[in-house]
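1. Sequence below, structure please.
(one chain, ligands or ions: 2)
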Amino acid sequence: MIGVVVPLNAIFSLHAVFVKKKMGKALWWCLVFTCLLVPLAGAAADWNILKLQTHDGLKISLKNYCESWRMNVELHNIREFQVVPEECIEYIGKYVTSTQYKVDSQRATDECLVYLSTSCNLKKDGLDAWIFDIDDTLLSTVPYYKNNQYGGRKLNVTSLEEWMKKGNAPALDHSLKLYNELKSRGVQILLVTSRKEHLRSVTVDNLVKVGYYGWTKIVFRDPANELASVQKYKSDARKQITNEGYRIWGILGDQYSSIEGIPSPKRAFKLPNPMYYVA
Ligand SMILES: *[C@@H]1O[C@H](CO)[C@@H](O)[C@H](O)[C@H]1NC(C)=O
Ligand SMILES: [Mg+2]
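-> Numbering: from 1, shown residues only. Ligands and ions are numbered 1, 2, ... in the order given. Sure, this is the predicted structure:
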């Protein structure tokens, strides 16, 4: 879209100069003509840019465009997006239901195990700890977003929570494997979720139903601090955990707000999630 705006602006400023110099009748007509053409040209060029080329003329497919959008979400270059761009809804839907999404996620949890085996000198005193986020880390919300344009529609908290209350969120298999592996190595499992207190019992039931149990601590969001950002809430929870003496060896989450901020863990691992952004 940027590519369209620049040349049109250039035409406009060119006209402005002419009009100032000499308000000729022909030039007036020319200006009117340009004004009439702008909306048409804009619409046509938008279509071109989004479907066929970048602003410097590189021919690309819509898949190139959307894959690059997704990659830059994961790189944390694109932030605070409210919805998945309309033209990428189909692509994102395909991705989060694909083998690639599973492989990407599994690679993340495999790297957690590599780190655990090579770089963690566990003390085994009951204070070695690992933090997990819940949504799209342990439990998948893809079935909910499947009915909500894979993030292409603005979040409706009421309907999302209604879905959560059904307690039918499936496990992310690779996360369950990591969870069990950590448990068997004597690492304390701490769950820190931005789900609110009123969802505690349905969430616990849902977790147990799909195979997660034996955690040491589960922290829900107090309605009293709902105005603070999720990132602040989660780093405050870590502060509390650290004060209790735990060594946080790692965090697994799908949002930067689950892993950023002080105190930081020794390592943080991020799962892919192009459907929504939580600040
Ligand atoms: C949000 O979801 C609720 C429950 O499904 C629904 O009643 C409400 O109309 C929705 N709000 C909007 C703005 O779509
Ligand atoms: Mg999450």
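2. Kindly report the residues of this structure close to ligand 1.
-> Neighbours of ligand 1 within the chain, by Cβ under 6 Å from any ligand atom: 156, 158-159, 162. Heads up, the C-betas are built off the backbone N, CA and C, glycines and all.
3. Please indicate which of these has the highest neighbour count?
-> The most crowded member of the residues of the chain next to ligand 1, judged by other Cβ atoms under 10 Å, is residue 159 (13 neighbours).
4. Quick one: neighbours of the residue nearest to that one when sequence neighbours are not counted, just the number.
-> The shortest distance from residue 159 to any non-neighbouring residue, by Cβ to Cβ, 6 or more residues apart in numbering, is to residue 148 (7.6 Å). By other Cβ under 10 Å, 19 other residues sit near residue 148.
5. do the same with residue 137
-> Residue 137 has 27 nearby residues by other Cβ under 10 Å.
6. swap in residue 229?
-> The burial count for residue 229: 14, using other Cβ under 10 Å.
7. That one reaches residue 279, doesn't it?
-> Yes: between residue 229 and residue 279 there is a contact under Cβ atoms under 8 Å: 5.4 Å.
8. need the residues of the chain next to ligand 1 in CSV with secondary structure, pLDDT and distance to ligand 2, can you?
-> Below are the residues of the chain next to ligand 1 laid out as CSV (DSSP: H, G, I helix; E, B strand; the rest coil; pLDDT from 0 to 100; distance: Cβ to the ion, whole Å):
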residue, secondary structure, pLDDT, distance to ligand 2
156, coil, 97, 17
158, helix, 98, 19
159, helix, 98, 18
162, helix, 98, 18
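9. Pick the one among those closest to residue 236.
-> residue 158 (26.0 Å; Cβ to Cβ).
10. which residue ranges form the helices in the stretch 101-250 of the chain?
-> In the stretch 101-250 of the chain, the helices defined using DSSP state H, counting those that start in this stretch lie at 142-146, 157-165, 173-184, 200-209, 230-243.
11. Overlap of the contact sets of residue 229 and residue 279?
-> residue 257 (Cβ atoms under 8 Å, 6 or more residues apart in numbering).
12. Tell me who's in contact with the closest residue to residue 203 other than its chain neighbours.
-> Once flanking residues are discounted, residue 203 sits nearest to residue 195: 5.7 Å by Cβ to Cβ, 6+ apart. Neighbour list for residue 195: 134-135, 164, 203, 220-221 [criterion: Cβ under 8 Å, 6+ apart].
13. Which of those residues sits closest to ligand 1?
-> Ligand 1 has its nearest neighbour among those in residue 164, at 12.3 Å by Cβ to the nearest ligand atom.
14. Contacts for stretch 202-210, please.
-> Outside stretch 202-210, the residues that touch it by Cβ under 8 Å, 6+ apart are 134, 138-139, 164-171, 176, 191, 193, 195, 213, 218, 220.
15. and residue 168, how far is that from residue 175?
-> Distance, residue 168 to residue 175, using Cβ to Cβ, to the nearest Å: 17 Å.
16. between the two, which one's more packed in?
-> residue 175 (26 against 14).
17. Next one, pLDDT for the more buried one please.
-> Per-residue pLDDT puts residue 175 at 98.
18. packing partners for the one helix or strand residue 89 maps to?
-> Using DSSP states H and E, residue 89 sits within helix 89-96. Applying 3 or more Cβ pairs under 8 Å, 6 or more residues apart in numbering; DSSP states H and E, we find helix 89-96 packed against helix 62-74, helix 142-146.
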